[in-house]
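Colleague: got a sequence here, can you build the structure:
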Amino acid sequence: MKIFITGGHGLAGQNIAEALRPAGHELLTPTHAELDLLDRDAVFSYLSEQQPDLVIHAAGVVGGIAANIQAPVKFLLTNMDMGRNVIYESYRAGIRKLINLGSSCMYPRNSEKPLTEEMVLTGELEPTNEGYALAKCMCTRLCQYLGKEDPSCQYKTLIPCNLYGKGDKFRTERAHMIPAVIHKLYTAKQKGKMEVAIWGSGKARREFLYAGDLGDCVRYCVEHFDAMPDLMNVGLGHDYTVDEYYEAIANVVGYEGTFTHDLSKPEGMKRKLTDITRLKTFGWQAKTRLEDGIRKTFESYLTSEK
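Modeller: Modelled structure (predicted):
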């Protein structure tokens, strides 16, 4: 099968490609220099020429709370424009199978219960990353609308929880929580710093999926595409507090200092836990334990540019 993966050199994309490669698929993973996803005409020409059997849209501008707060226009427009170009130009080029990666940011903020797929766009979004969330909602709805207008169009969306893993970005201003904390605690250890501040109360709960598991899930979806739901969460079904993540990461990197809490800093949603009922029924579940995933990510960090 010929498969076009956008963002094939990013965190999600490279782990997806790694999971698909052993099956012998022909994988198309052009770099930004080879294909600018913001250039609609270039995207259409590429898709028309290559005619992949399946498109996996994994590209995106991503970042943690600080990055989203500093550049909401960039997170909204870039992700919206890339998504529109990839999804709609795939349709115009005659491609009828596509897997779009959404985000659990699409869900209403501060839900006390696990987030089910029906809850997308049913409440206020988390303001600290609203631009990114709106772009992901638009891409998801575009997939659904195309399927409604043309039943031959099978454009499906996976909604992963937060990701971490091999190929992550570790610079604090660009990173999500786990890679940022790995960098933060390892640097503190190297400098002999015995106290590290945690943003917020440390009580907010987060669900993080090892990116290698996401890759394996997408592999499973490709192999069982017809049975795959049109909209499906991909997560663990359980979460941890920010304090617990810090403790787990400290154990892996060998940091022995203490933690304080900076209550002047934002901590985002109190909880964001996905309901994985559909995922279980579909027949897939994550395999990587938190400490094992953190250890593999730390190994990646040690060989990366910090």
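Colleague: and the helix or strand encompassing Arg278, what's buried?
Modeller: Here Arg278 sits within helix 277-282, counting by DSSP states H and E. Within helix 277-282, the residues that count as buried by 16 or more other Cβ atoms under 10 Å are Arg278, Leu279, Phe282. Glycine gets a C-beta too; all of them are placed from N, C-alpha and C.
Colleague: contacts for the next helix or strand after it next, please.
Modeller: Note on helix 277-282: by DSSP H and E, the next helix or strand toward the C-terminus is helix 290-302. Outside helix 290-302, the residues that touch it by Cβ atoms under 8 Å, 6 or more residues apart in numbering are 164-168, 170, 178-179, 182-183, 186, 208, 210, 212, 240, 248-249, 251-253, 288.
Colleague: one more pass at 7 Å, please.
Modeller: 164-168, 170, 178-179, 182-183, 210, 248-249, 252-253 (Cβ atoms under 7 Å, 6 or more residues apart in numbering).
Colleague: what do you get for stretch 52-66?
Modeller: 1-7, 10, 12-13, 16, 28, 37, 74-75, 78-79, 82-83, 86-87, 90, 95, 97-101, 128-129, 173-177, 180, 218, 222, 266, 268.
Colleague: starting at the chain centroid, how far to that stretch?
Modeller: Put simply, stretch 52-66 sits 7 Å off its chain's centre (Cα atoms, centre = their mean, to the nearest Å).
Colleague: and that stretch, which residues are buried?
Modeller: Residues of stretch 52-66 classed as buried: 52, 54-66 (neighbour count, 16+ other Cβ under 10 Å).
Colleague: could you do stretch 91-100 as well?
Modeller: Under 16+ other Cβ under 10 Å, the buried positions of stretch 91-100 are Tyr91, Ala93, Ile95, Arg96, Lys97, Leu98, Ile99, Asn100.
Colleague: and for stretch 104-123?
Modeller: Quick answer for stretch 104-123 (16+ other Cβ under 10 Å): Ser104, Cys105, Met106, Tyr107, Pro108, Arg109, Ser111, Pro114, Leu115, Thr116, Glu117, Val120.
Colleague: give me the buried subset of the contacts of stretch 52-66.
Modeller: 3-7, 10, 12-13, 16, 28, 37, 75, 78-79, 82-83, 86-87, 90, 95, 97-101, 128-129, 174-177, 180, 218, 222, 268.
Colleague: picking that back up, secondary structure and pLDDT for the buried residues of stretch 91-100 - can I get that in a markdown table?
Modeller: Below are the buried residues of stretch 91-100 laid out as a markdown table (DSSP: H, G, I helix; E, B strand; the rest coil; pLDDT from 0 to 100):
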| residue | secondary structure | pLDDT |
| --- | --- | --- |
| Tyr91 | helix | 98 |
| Ala93 | coil | 98 |
| Ile95 | coil | 98 |
| Arg96 | coil | 98 |
| Lys97 | strand | 98 |
| Leu98 | strand | 98 |
| Ile99 | strand | 98 |
| Asn100 | strand | 98 |
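Colleague: nearest spatial neighbour of Ser90, skipping sequence neighbours?
Modeller: Nearest non-adjacent residue to Ser90, counting by Cβ to Cβ, 6 or more residues apart in numbering: Val55, 4.9 Å away.
Colleague: and the pLDDT at the one you found?
Modeller: Val55 is assigned a pLDDT of 98 by the prediction.
Colleague: that one pairs with what?
Modeller: Under DSSP bridges, the beta-bridge partners of Val55 are Phe4, Leu98.
Colleague: so it versus Asn79, what's the distance?
Modeller: As defined by Cβ to Cβ, to the nearest Å, Val55 lies at a distance of 16 Å from Asn79.
Colleague: same check on Val62?
Modeller: Noted for Val62: a distance of 9 Å to Asn79, by Cβ to Cβ.
Colleague: repeat for Gly268
Modeller: Going from Gly268 to Asn79 by Cβ to Cβ gives 18 Å.
Colleague: where does Val252 land in three-state SS?
Modeller: helix (DSSP: H, G, I helix; E, B strand; the rest coil).
Colleague: can you tell me the closest non-neighbouring residue to it?
Modeller: Ile294 is the one closest to Val252 (Cβ to Cβ, 6+ apart), at 4.8 Å.
Colleague: starting at the chain centroid, how far to stretch 273-287?
Modeller: 16 Å.
Colleague: and it, end to end?
Modeller: Stretch 273-287 stretches 18 Å from its first residue to its last (Cα to Cα, to the nearest Å).
Colleague: what pLDDT, on average, does that stretch get?
Modeller: 97.
Colleague: which residues touch it?
Modeller: 104, 114-117, 159, 161, 205, 207, 209, 213, 217, 220, 227-229, 232-237, 239.
Colleague: what helices or strands is the host helix or strand of Leu27 leaning on?
Modeller: With elements taken from DSSP H and E, the one containing Leu27 is strand 26-28. Helices and strands touching strand 26-28, by 3 or more Cβ pairs under 7 Å, 6 or more residues apart in numbering; DSSP states H and E, are strand 2-6.
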